[in-house]
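> What would the 3D arrangement of this be:
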Amino acid sequence: LDPLDTQTLTSTMALRRPPTRIELKADDVEEYDKIMKERRGNLEKSQQQKSGSDFLGSTTPSSFMSTQKKPSAAERIGYRRPR
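All right, here's what the predicted structure looks like:
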């Protein structure tokens, strides 16, 4: 393979396409903010319910830490599985 042979290079090179452009509209931003507020509200409610029930039992730090659920990778990045 000769590096200066342009015929061979062009036939073996992959085609490059322009990057995909994703446009964000004002409606999309509003919908995103609305959903995030709902999620934060639900998260705060569940944390308040958990914190109220956790302190009724044992109050040792090790038992408190073991009752907390570790979030999955999907939850950490905000992915919601379709229902």
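
> Quick check: which ranges of this protein have low pLDDT?
Low-confidence segments of the chain (pLDDT under 70): 1-12, 52-67.

> In it, spot the helix with the most residues.
Counting residues, the longest helix found in the chain (DSSP state H) is helix 26-54.

> Check which helices and strands it is in contact with.
Other helices and strands packing on helix 26-54, by 3 or more Cβ pairs under 8 Å, 6 or more residues apart in numbering; DSSP states H and E, are helix 61-67. Using the backbone N, CA and C atoms, a C-beta is placed for each residue, glycine as well.

> Following the chain past the helix it packs on, name the next helix or strand.
helix 73-77 (DSSP states H and E).

> Could you give me the buried positions within that next one?
Across helix 73-77, burial judged by 16 or more other Cβ atoms under 10 Å covers no residue at all.

> Convert it to CSV, retaining C-alpha atoms only.
Below are the C-alpha coordinates for helix 73-77, written out as CSV (Å, rounded to 0.1, in the frame of the first residue of the first chain):
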residue,chain,number,x,y,z
ALA,A,73,-26.8,3.8,37.3
ALA,A,74,-30.1,4.6,35.5
GLU,A,75,-31.4,6.6,38.5
ARG,A,76,-28.1,8.5,38.8
ILE,A,77,-28.2,9.8,35.2
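
> which residues are contacting that helix?
Residues outside helix 73-77 that contact it (Cβ atoms under 8 Å, 6 or more residues apart in numbering) are 80-81.

> quick one: contacts for residue 41?
Going by Cβ under 8 Å, 6+ apart, residue 41 touches no other residue.

> Look up how far residue 32 lies from it.
15 Å (Cβ to Cβ, to the nearest Å).

> just residue 22 next, same as before
Using Cβ to Cβ, residue 22 is found at 13 Å from residue 32.

> okay, these two: which has more neighbours?
Set side by side, residue 22 and residue 32 show more neighbours around residue 32, with 11 against 6, by other Cβ atoms under 10 Å.

> contacting residues for that one?
Residue 32 neighbours (Cβ under 8 Å, 6+ apart): none.

> mind checking how far it is from residue 38?
11 Å.

> got it, and residue 47?
For residue 47, the distance to residue 38 equals 15 Å [Cβ to Cβ].

> burial count for residue 13?
Residue 13: 8 surrounding residues under other Cβ under 10 Å.
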